[in-house]
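Asker: Could you look at this predicted model? Sequence included:
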Amino acid sequence: MTTETYLSPTDRVQAWTDAGTLHIRFNNLARHNALSVDMWEAVPPLLAQAEKDEAIRLVVFSGAGEKAFVSGADISQFEDMRAAKEAVKHYEAMAEEALMSIYRCSKPTLAAIHGYCIGGGVNVAISCDIRIASSDAVFAIPAARLGLGYRYSALKNLVDLIGVGAAKDLFYTARRIDAREALSLGLVSRVCDPADMPALLAEYTGSIGANAPITIHAAKTIIGEILKPSPELDHALCQQLIRNCFESEDYTEGRTAFMEKRKPVFRGK
């Protein structure tokens, strides 16, 4: 397996690899990592590259600095990007492409959240497979305070994750919630002290990086099928993915390592 060099098209999105993890960090410190046009546009090509890189087992999204994961969209660009019909259409298409590239990524994705996670930040986070947060995290979806329309895909992700009632509560009120309430709603999976976030993230990168990628890919794909309306569910695909697991070299390695009482070394084959 080879690890490629990841070059972000903008300084406001940083990208690097660490072992089998691709890190994508939003870096707009002057605006608490608010998502500007170039930041949205940087995400799909980085993920497209990761799709082809066999060495990448996990993609982690984070925010630079100590104050925010993502504080929303960069409203300084609203007048230019959302004031006219064609600008709105372009902006929405661009954001949709970025978020769906995260949601559809075949590799596991994780959002490591601290500080503000507002609006577009929530959309990035809920497009990921897993969300972990430090106890200083603050979440909100303030669209109703701004008069913005919200895309079907973003609301569906929210409803699928936390349920209809909680989604309506957060969206209608636009209220802010802390990490503890986010955990209780299922918006995040784990919460830790800010100082412990590197260790918690290392737990995930280590375990996911060590586990069988074919099995993880099969589970991710089947869960995606489960979330579809039943007429669209591809049972044949699900069955083939399971067969792929049992026919893989990784399955042989997993059984052998279990019998030999050692840690398996999975190669994604």
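Answerer: The structure has been received and is ready for your questions. Residues are numbered from 1 along each chain as shown.
Asker: Please enumerate the helices of the stretch 101-250 of the chain.
Answerer: Counting by DSSP state H, counting those that start in this stretch, the stretch 101-250 of the chain has helices at residues 120-127, 143-146, 152-162, 164-173, 179-185, 197-210, 213-226, 235-246, 249-260.
Asker: Pick the most deeply packed of these.
Answerer: The highest mean neighbour count among the helices of the stretch 101-250 of the chain belongs to helix 120-127 (a mean of 26), with neighbours defined as mean count of other Cβ atoms under 10 Å. No exception for glycine: its C-beta is placed from N, CA and C like everyone else's.
Asker: quick one, it and helix 152-162 angle?
Answerer: Relative orientation of helix 120-127 versus helix 152-162 (axes from the mean of the first three to the mean of the last three Cα atoms, to 10 degrees): 60 degrees.
Asker: closest one to Pro45 among the helices of the stretch 101-250 of the chain?
Answerer: Closest of those to Pro45 is helix 120-127, at 16.1 Å (criterion: Cβ to Cβ).
Asker: for the closest one, packing partners?
Answerer: With contacts taken as 3 or more Cβ pairs under 8 Å, 6 or more residues apart in numbering; DSSP states H and E, helix 120-127 sits against strand 58-63, strand 68-70, helix 85-103, strand 109-113, helix 152-162.
Asker: Could you list the domains of the chain?
Answerer: Each domain of the chain is listed here as a residue range: 13-208, 211-260, per automatic domain parsing.
Asker: Under the pLDDT cut-off, which ranges of the stretch 101-250 of the chain? List them.
Answerer: Under the criterion of pLDDT under 70, none of the stretch 101-250 of the chain is flagged as low confidence.
Asker: please redo it, this time with the cut-off set to 90
Answerer: With pLDDT under 90 as the threshold, the stretch 101-250 of the chain has low-confidence stretches at 142-154, 225-250.
Asker: Deepest-packed of the helices and strands packed on helix 120-127, please.
Answerer: Per-residue neighbour counts averaged over each of the helices and strands packed on helix 120-127 give the maximum for strand 68-70, namely a mean of 28 (mean count of other Cβ under 10 Å).
Asker: Contact partners for the residue nearest to Ile162 when sequence neighbours are not counted?
Answerer: Take Ile162 and drop its neighbours on the chain: the residue closest to it by Cβ to Cβ, 6 or more residues apart in numbering is Leu185, 4.8 Å away. Under the criterion of Cβ atoms under 8 Å, 6 or more residues apart in numbering, the neighbours of Leu185 are Ile162, Ala166, Ile177.
Asker: would you turn the helices of the stretch 101-250 of the chain into CSV with distance to His90?
Answerer: Formatted as CSV, the entries for the helices of the stretch 101-250 of the chain read as follows, by distance: least, Cβ to Cβ, whole Å:
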stretch, distance to His90
helix 120-127, 16
helix 143-146, 18
helix 152-162, 17
helix 164-173, 24
helix 179-185, 32
helix 197-210, 35
helix 213-226, 28
helix 235-246, 34
helix 249-260, 43
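Asker: Show me the one of those helices that comes nearest Thr109.
Answerer: Go through the helices of the stretch 101-250 of the chain one by one with Cβ to Cβ and the one that ends up closest to Thr109 is helix 120-127, at 7.4 Å.
Asker: Alpha carbons of the closest one, as CSV, please.
Answerer: Included here for helix 120-127 are C-alpha records, laid out as CSV according to Å, rounded to 0.1, in the frame of the first residue of the first chain:
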residue,chain,number,x,y,z
GLY,A,120,-22.6,24.3,8.4
GLY,A,121,-20.3,22.8,11.1
VAL,A,122,-23.2,20.6,12.3
ASN,A,123,-23.8,19.6,8.6
VAL,A,124,-20.2,18.6,8.2
ALA,A,125,-20.3,16.6,11.5
ILE,A,126,-23.5,14.7,10.8
SER,A,127,-22.2,13.8,7.3
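Asker: What is the end-to-end distance of stretch 7-27?
Answerer: Its start and end residues considered, stretch 7-27 measures 14 Å (Cα to Cα, to the nearest Å).
Asker: How about stretch 132-143?
Answerer: 23 Å.
Asker: From the chain's centre, how far out is it? Work that out for me.
Answerer: From the chain centre to the centre of stretch 132-143 is a distance of 14 Å (Cα atoms, centre = their mean, to the nearest Å).
Asker: which outside residues touch it?
Answerer: In this structure, residues lying in contact with stretch 132-143 by Cβ under 8 Å, 6+ apart are 69, 72, 110-119, 122, 149-150, 158, 170-171, 174-180, 182-183, 187-194, 196-197, 200-201, 204.
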